[in-house]
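S.K.: After the sequence you'll find the predicted model.
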Amino acid sequence: MRITRSVLSATAVATLALGTATALAAPASAAPNTTPEKVCGSGYKTVNSAAVGSRGTVYLTYNAANGKNCVATIRSAPGTATDMSAWVYVPDTEAYDEDYGKYTSYAGPTYVYGKGHCVDWGGSIGNVSVQITGSNCAARTEHRVTTVR
């Protein structure tokens, strides 16, 4: 009896440990607590955002210390890799950056120097894309377009 209890106890402890490790483990790319500030880096603050349908949000951030804008598209619920993009463009200087690929959690970061300039930016998740033009200009009103393919 004593041997059986020891084996059963060891098996129960091993099963519990494996179950706990499995329950606590998350895919490395899932990043459910991802923020645009984490994606873009230290010093970036969100200055604008737009919903990508119900799939997530595309964020425009700005770093006052270096004058750069950053865009990141973040899914509402990480999952199977899907087509995603993030892009930013400064019409005055024609500076442009984009990130496109199949991602489980977010696309980006994309960076341009945008201090004192209007910016166009956007992103996509699956078949839903958002484009914002004339953004963050003091006197101009931005224009937003959401497209479902």
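M.R.: That came in fine, so what should we check first?
S.K.: mind listing what the residue nearest to the spatial centre of the chain touches?
M.R.: Central residue of the chain (Cα atoms, centre = their mean): residue 74, 2.7 Å from the mean position. Going by Cβ atoms under 8 Å, 6 or more residues apart in numbering, residue 74 touches 34, 35, 36, 39, 56, 57, 58, 59, 105, 106. Bear in mind the C-beta positions are built from the backbone N, C-alpha and C, glycine included.
S.K.: Throw together a PyMOL command that grabs the buried residues out of the residues you listed.
M.R.: Entered in PyMOL, the line below selects the buried ones among these, by 16 or more other Cβ atoms under 10 Å:
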select buried, resi 34+36+39+56+57+58+59+105+106
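S.K.: Is it possible to get TSV of the contacts of residue 74 that adds pLDDT and distance to residue 138?
M.R.: TSV is the format used below for the contacts of residue 74 (pLDDT from 0 to 100; distance: Cβ to Cβ, whole Å):
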residue	pLDDT	distance to residue 138
34	91	31
35	95	27
36	96	23
39	97	27
56	96	29
57	97	24
58	98	22
59	98	21
105	96	34
106	97	30
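S.K.: Including distance to residue 133 and secondary structure, could the contacts of residue 74 go into a markdown table?
M.R.: Below are those laid out as a markdown table (distance: Cβ to Cβ, whole Å; DSSP: H, G, I helix; E, B strand; the rest coil):
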| residue | distance to residue 133 | secondary structure |
| --- | --- | --- |
| 34 | 26 | coil |
| 35 | 25 | coil |
| 36 | 20 | helix |
| 39 | 22 | helix |
| 56 | 20 | strand |
| 57 | 18 | strand |
| 58 | 13 | strand |
| 59 | 16 | strand |
| 105 | 26 | coil |
| 106 | 22 | strand |
